[in-house]
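Trainee: Sequence first, predicted model second:
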Amino acid sequence: MRFELNGQEVEVDAHPMRRLLDVLRVECGLTGTKEGCGEGECGACTVLVDGEPVCSCLVPFAQAGGTSVVTIEGLGGKHPLQRAFGDHGGAQCGICTPGMILAAVALGPNPTLEQVRVGLAGNLCRCTGYEAIYRSVLGAYEAVDDRRPAAEAPAVGGGSKADGGAAFGTGADGGRSDVAGAGRSRSNGSGADAGAGSAGKAGL
Ligand code: FES
Ligand code: FES
């Protein structure tokens with residue numbers, strides 16, 4: 001199967017019904033994409049497919065053929081969001097972080113708080129209580145604005161601010177589109193569950 005992965009054309013041999021998540025982590029060796037629930041509920045496995053955040057645990061590899069896939073590794077550690085999640089405490093255990101960042105990338109630069117809340121509503125975090133994550137997304141572009149024009153900020157795979165609503169799915173509940181058509185519409189609400197997992201931060 002041929003597709004574009006983090007800006008490079010690749011050909012990967014895997015069963016068409018294998019989960020994109022597994023193909024990325026195993027066949028491609030890109031372990032920055034995390035598995036949480038494995039059933040489309042948590043958003044930890046979020047990657048961008050043709051600029052839209054999808055739950056890679058729900059996507060059969062066959063659906064990735066001919067698409068452009070961006071994983072957290074595709075940001076190269078240089079995206080303002082990656083720095084901001086460290087600076088503002090948006091990454092704690094780290095298991096949700098790659099998915100959070102990619103969902104935020106899809107919002108484009110300088111989203112409003114409401115856009116961030118809606119855009120990340122399908123990504124669950126057990127550690128931060130979400131406020132630190134919202135601060136990270138908003139702060140990422142403030143920092144960039146201090147240093148240089150926002151237009152120069154890297155924008156990998158995501159839509160612009162103007163089209164961000166269409167880029168991250170279908171509903172005001174943060175529903176995540178997925179190539180296989182098995183979308184989800186789970187809100188993370190506003191509560192913060194205590195506790196932290198043990199996943200590393202590979203790929204951040
Ligand atoms: S691992 Fe939870 S949505 Fe994919
Ligand atoms: S930092 Fe979000 S689940 Fe731990």
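Mentor: Structure's in. What do you need? Ligands and ions are numbered 1, 2, ... in the order given.

Trainee: so, in contact with ligand 2 or not, the longest helix seen in the chain?
Mentor: Ordering each helix of the chain by length in residues (DSSP state H) puts helix 131-147 first. No. Against ligand 2, helix 131-147 shows no contacts by Cβ under 6 Å from any ligand atom, the least distance being 7.5 Å. (Each C-beta comes from the backbone N, C-alpha and C, glycine too.)

Trainee: neighbouring contacts of that helix?
Mentor: For helix 131-147, contacts defined as Cβ atoms under 8 Å, 6 or more residues apart in numbering pick out 79-81, 83-85, 87-92, 100, 104, 107, 109-111, 113, 116-117, 120, 125, 150, 152-153.

Trainee: Up against ligand 2, what does the protein have?
Mentor: By Cβ under 6 Å from any ligand atom, the part of the chain that sits against ligand 2 consists of 91-97, 125-128, 196-197.

Trainee: ok, back up a step: buried residues in the longest helix of the chain?
Mentor: Under the neighbour-count criterion of 16 or more other Cβ atoms under 10 Å, helix 131-147 has 132-141, 144 buried.

Trainee: before we move on, what about stretch 84-91?
Mentor: Neighbour-count burial for stretch 84-91 flags 84-85, 88, 90-91 (criterion: 16+ other Cβ under 10 Å).

Trainee: Rebuild these as TSV, extending it with pLDDT.
Mentor: Listed next are the buried residues of stretch 84-91 as TSV, based on pLDDT from 0 to 100:
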residue	pLDDT
A84	97
F85	97
H88	96
G90	97
A91	97
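
Trainee: Show me which of those is closest to L48.
Mentor: Closest approach between the buried residues of stretch 84-91 and L48, by Cβ to Cβ: F85, at 16.7 Å.

Trainee: that's a helix at the closest one, yeah?
Mentor: Yes. Residue state for F85 (DSSP: H, G, I helix; E, B strand; the rest coil) corresponds to a helix.

Trainee: How about stretch 24-37 and ligand 1, any contact?
Mentor: Yes. Stretch 24-37 lies within reach of ligand 1 by Cβ under 6 Å from any ligand atom, at 35-37.

Trainee: now stretch 123-136: mean pLDDT?
Mentor: Average pLDDT, stretch 123-136: 97.

Trainee: Now the terminal residues of it, how far apart.
Mentor: 15 Å (Cα to Cα, to the nearest Å).

Trainee: from the residues of the chain next to ligand 2, which ones fall inside strands?
Mentor: Among those, DSSP state E puts none in strands.

Trainee: Keep only those of those residues that are in helices.
Mentor: Judged by DSSP H, the residues of the chain next to ligand 2 include T97 as members of helices.

Trainee: Listing request: residues of the chain with sub-threshold pLDDT.
Mentor: By pLDDT under 70, the low-scoring segments of the chain are 143-204.

Trainee: Any of the contacts of helix 131-147 buried? List them.
Mentor: So, by 16+ other Cβ under 10 Å, the buried ones in these are 79-81, 83-85, 88, 90-92, 100, 104, 107, 109-111, 116-117, 120, 125, 153.

Trainee: which residues touch A64?
Mentor: The neighbours of A64, taking Cβ under 8 Å, 6+ apart as the test, are 1, 3, 20, 23, 49, 179.

Trainee: Kindly indicate which of the residues you listed lies nearest ligand 1.
Mentor: Checking the contacts of A64 against ligand 1 with Cβ to the nearest ligand atom, the nearest one is L20 at 9.9 Å.
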